[in-house]
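Novice: Sharing a sequence plus its predicted fold:
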Amino acid sequence: MIPARCGDAARRMIGAPGTVAAALRQAVARLQAAGVEDPAGDARRLMAHALGLDPGRVTLVAADPLAPEAEVRFAAALAARAARQPVAQITGRRLFWGRVFHVTPDVLDPRPETETLIAAALEEPFLRVLDLGTGSGCILLSLLAERCGATGLGIDRSAAALAVARRNAADLGLEDRAALAPGDWTDGLSERFDLVVSNPPYIAAAEVAGLAPEVRDWEPLEALSPGEDGLAAYCRIVSEVGALLAPGGRLILEIGPTQAEAVGSLLRRAGFGPLGLRHDLDGRPRAILVRSASGAGEPAT
């Protein structure tokens with residue numbers, strides 16, 4: 001029998017029943033059984049969400065009892081993750097390029113690979129940027145946050161996605177510099193921009209079934225795949241964007257890791273060139289760059 005004066009200390013031992021650590025241990029086992037790729041990391045992030053803490057502080061409260069209200073929140077989040085809903089959708093937040101963005105099932109979960117496009121865009125100055133298929137607004141808003149004198153326009157067909165982007169713009173204090181409007185790629189646009197960026201849907205129809213459940217079952221299909229060979233959005237953008245680029249203006253497109261040759265061919269046939277490539281942290285081609293016909297090009301890298 002544990003003496004009364006020692007009871008509190010015993011209950012607060014890491015791993016003791018009812019503690020944060022015990023709940024985390026059980027959660028990791030459940031997520032592992034569900035096939036989640038990073039069960040320990042995801043369990044910690046969901047616990048942080050339930051406790052209202054930064055994920056880095058969870059270990060500091062591991063020996064504490066898990067309060068009933070936090071236990072309820074954690075159980076709901078854990079069930080959603082075991083069903084393979086992405087963590088960002090469960091918590092409603094995703095860190096991208098050093099800033100927190102709201103995420104819902106109406107938009108793509110911002111991915112580290114897309115930061116390759118951001119880095120490429122920031123290699124040179126720009127004042128006016130167009131983001132085609134803006135989704136959560138993470139690309140447009142990250143660029144404007146890094147360039148205080150710039151303004152931009154984000155276009156998306158989805159009203160729900162635009163609502164998410166507007167919330168992100170408001171939270172980042174960028175409403176006055178970021179216009180967000182409904183549209184079908186470049187339809188109705190006549191303004192010239194010195195930077196045009198896009199992360200269009202590019203997954204081929206035959207590849208959709210093989211995607212991770214977090215992507216295939218929870219993210220908007222129209223933002224993932226245009227169907228067929230995955231090139232339809234590129235064909236549309238490349239054929240129309242030339243009229244929107246200012247002299248020397250840049251076009252930067254995110255691409256799938258096997259699409260550099262196909263998208264490069266589209267750009268060359270449309271009169272763009274030379275092409276530049278930027279690779280993601282895994283060494284895969286991830287962004288392709290060109291200038292308007294009147295601007296100087298760059299060698300492929």
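Specialist: Good, I have the coordinates.
Novice: for the most centrally placed residue in the chain, helix, strand, or coil?
Specialist: Here the mean C-alpha position of the chain is nearest to the C-alpha of residue 110 (Cα atoms, centre = their mean), at a distance of 0.3 Å. Put simply, residue 110 is coil when judged by DSSP: H, G, I helix; E, B strand; the rest coil.
Novice: what's it sitting at in phi/psi?
Specialist: phi -60, psi 130 (degrees, to the nearest 10).
Novice: dump the residue contacts of it.
Specialist: Residues in contact with residue 110 (Cβ atoms under 8 Å, 6 or more residues apart in numbering) are 88, 94, 96, 101, 103, 136, 138. In short, each C-beta sits where N, CA and C put it, glycine included.
Novice: try 10 Å
Specialist: Applying Cβ atoms under 10 Å, 6 or more residues apart in numbering to residue 110 gives the contacts 88, 94-97, 99, 101, 103, 135-139, 142, 199.
Novice: and what of residue 173?
Specialist: Contacts of residue 173 by Cβ under 10 Å, 6+ apart are 141, 145.
Novice: With the one 10 residues further on instead?
Specialist: Taking Cβ under 10 Å, 6+ apart as the contact definition, residue 183 lies against 132, 133, 134, 153, 154, 155, 156, 157, 162, 189.
Novice: Can you flag the buried ones in the contacts of residue 110?
Specialist: 88, 94, 96-97, 99, 101, 103, 135-139, 142, 199 (16 or more other Cβ atoms under 10 Å).
Novice: I'd like those residues as a markdown table, with pLDDT, distance to residue 30 and secondary structure appended.
Specialist: Listed next are the buried ones among the contacts of residue 110 as a markdown table, based on pLDDT from 0 to 100; distance: Cβ to Cβ, whole Å; DSSP: H, G, I helix; E, B strand; the rest coil:
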| residue | pLDDT | distance to residue 30 | secondary structure |
| --- | --- | --- | --- |
| 88 | 97 | 19 | helix |
| 94 | 96 | 23 | strand |
| 96 | 98 | 28 | strand |
| 97 | 98 | 32 | coil |
| 99 | 97 | 31 | strand |
| 101 | 98 | 28 | strand |
| 103 | 97 | 23 | coil |
| 135 | 98 | 31 | coil |
| 136 | 98 | 29 | coil |
| 137 | 98 | 34 | coil |
| 138 | 98 | 30 | helix |
| 139 | 98 | 35 | helix |
| 142 | 98 | 34 | helix |
| 199 | 98 | 33 | coil |
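Novice: Following element in sequence after the least confident helix or strand in the chain by mean pLDDT, please.
Specialist: Confidence across the helices and strands of the chain bottoms out at helix 4-11, with a mean of 42, counting by mean pLDDT, DSSP states H and E. Toward the C-terminus, helix 4-11 is succeeded by helix 20-33 as the next helix or strand (DSSP states H and E).
Novice: tell me which residues of that next one are tucked away?
Specialist: 20, 21, 22, 23, 24, 25, 27, 28, 30, 31.
Novice: how about these in JSON lines, adding distance to residue 124?
Specialist: Listed next are the buried residues of helix 20-33 as JSON lines, based on distance: Cβ to Cβ, whole Å:
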{"residue": "20", "distance to residue 124": "47"}
{"residue": "21", "distance to residue 124": "49"}
{"residue": "22", "distance to residue 124": "53"}
{"residue": "23", "distance to residue 124": "49"}
{"residue": "24", "distance to residue 124": "46"}
{"residue": "25", "distance to residue 124": "50"}
{"residue": "27", "distance to residue 124": "46"}
{"residue": "28", "distance to residue 124": "45"}
{"residue": "30", "distance to residue 124": "48"}
{"residue": "31", "distance to residue 124": "43"}
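Novice: Export these as CSV, with columns for pLDDT and distance to residue 213.
Specialist: Converted to CSV, those look like this (pLDDT from 0 to 100; distance: Cβ to Cβ, whole Å):
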residue, pLDDT, distance to residue 213
20, 97, 28
21, 97, 28
22, 97, 28
23, 97, 24
24, 97, 23
25, 97, 24
27, 98, 18
28, 98, 19
30, 98, 16
31, 98, 13
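Novice: Name the member of those with the shortest distance to residue 218.
Specialist: The nearest member of the buried residues of helix 20-33 to residue 218, counting by Cβ to Cβ, is residue 31 at 15.6 Å.
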